[in-house]
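Novice: dropping the sequence and predicted coords here.
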Amino acid sequence: AQSVTQLDSQVPVFEEAPVELRCNYSSSVSVYLFWYVQYPNQGLQLLLKYLSGSTLVKGINGFEAEFNKSQTSFHLRKPSVHISDTAEYFCAVSEQGFQKLVFGTGTRLLVSP
Amino acid sequence: DTAVSQTPKYLVTQMGNDKSIKCEQNLGHDTMYWYKQDSKKFLKIMFSYNNKELIINETVPNRFSPKSPDKAHLNLHINSLELGDSAVYFCASSQEAAFSVGYTFGSGTRLTVV
């Protein structure tokens, strides 16, 4: 069965600094990978996804992520964060052919002035 | 607006009560889900229905009973509520043939059992 590990429960950064949120997964088959964002008291919104092809995927709000099959990682990056990026970020994996998303425990991104 | 909508948004109830949460999607999706988010923000799948048929039933107490009257609706009924049931419950939907697009989530129902 697939699983997801988000190594950092909280990442504090200053506004305009770059950030990387780490995600590692385990699965015995090919997977789809997703990043979702949850703003306070809201539902989850899809940031970006990797299905196949280019390992660098771009999403909304200036975020991007790189799929690394050998390291089973899918880290999320943004070159310059804003205060409004403060939120909870979830990495999720789905084994191809199955409609079940398994989420990591989330990383809280705290952006301060 | 096309969306996944859940009602109620907040639910406060006493232990032992029975309550329901409703979910509706107007996206034309054929698969719907219930996820539970605990106090540590961990999201875990509870149930999944495809065209009104139960396809995923994770290890959930049988006090929880999902019901799907049609493929646009998936309701969650909880009997004999316990303190540990306090959480945020999210409904989501997807299209089986286009699952790679990802889920669309509702805005959640915050259940507090006192």
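Specialist: Structure's in. What do you need?

Novice: tell me the bridge partners for the spatially closest residue to residue B:90 that is not a sequence neighbour.
Specialist: Excluding its sequence neighbours, the residue lying closest to residue B:90 (C-beta to C-beta, 6 or more residues apart in numbering or on different chains) is residue B:35, at 4.5 Å. Using the backbone N, CA and C atoms, a C-beta is placed for each residue, glycine as well. Assessed by DSSP bridges, residue B:35 has beta-bridge partners residue B:45, residue B:90.

Novice: what about the helix or strand hosting residue B:66, average pLDDT?
Specialist: In this assignment (DSSP states H and E), residue B:66 forms part of strand B:64-70. Regarding strand B:64-70, the rounded mean pLDDT is 92.

Novice: counting neighbours, what do you get for the spatially closest residue to residue A:112 that is not a sequence neighbour?
Specialist: Sequence neighbours aside, residue A:14 is the residue nearest to residue A:112 in space, at 5.9 Å (criterion: C-beta to C-beta, 6+ apart). Neighbour count for residue A:14, taken as other C-beta atoms under 10 Å in any protein chain shown: 11.

Novice: what's near enough to touch residue A:14?
Specialist: Going by C-beta atoms under 8 Å, 6 or more residues apart in numbering or on different chains, residue A:14 touches A:111, A:112, A:113.

Novice: neighbours of the last one, how many?
Specialist: Other residues near residue A:113 number 6, with proximity taken as other C-beta under 10 Å.

Novice: tell me who's in contact with the nearest residue to it once chain neighbours are set aside.
Specialist: Leaving aside its chain neighbours, residue A:113 sits nearest to residue A:15 (5.5 Å; criterion: C-beta to C-beta, 6+ apart). With contact set as C-beta under 8 Å, 6+ apart, residue A:15 has these partners: A:81, A:82, A:83, A:111, A:112, A:113.

Novice: please tell me how far residue A:15 sits from chain B.
Specialist: Residue A:15 sits 23 Å away from chain B, going by C-beta to the nearest C-beta, to the nearest Å.

Novice: partners of the lowest-mean-pLDDT helix or strand in chain B in the sheet?
Specialist: Using mean pLDDT, DSSP states H and E, strand B:53-57 stands out as the lowest-scoring helix or strand of chain B, at a mean of 83. Sheet partners assigned to strand B:53-57 using DSSP bridges are listed as strand B:43-50 (antiparallel).

Novice: ok now the partner strand, how far from the chain's centre?
Specialist: Distance of strand B:43-50 from its chain centroid, counting by C-alpha atoms, centre = their mean, to the nearest Å, is 7 Å.

Novice: still on that earlier bit, can you list phi and psi of the residue nearest to residue A:113 for me?
Specialist: Backbone geometry at residue A:15, expressed as degrees, to the nearest 10, gives phi -50, psi 140.
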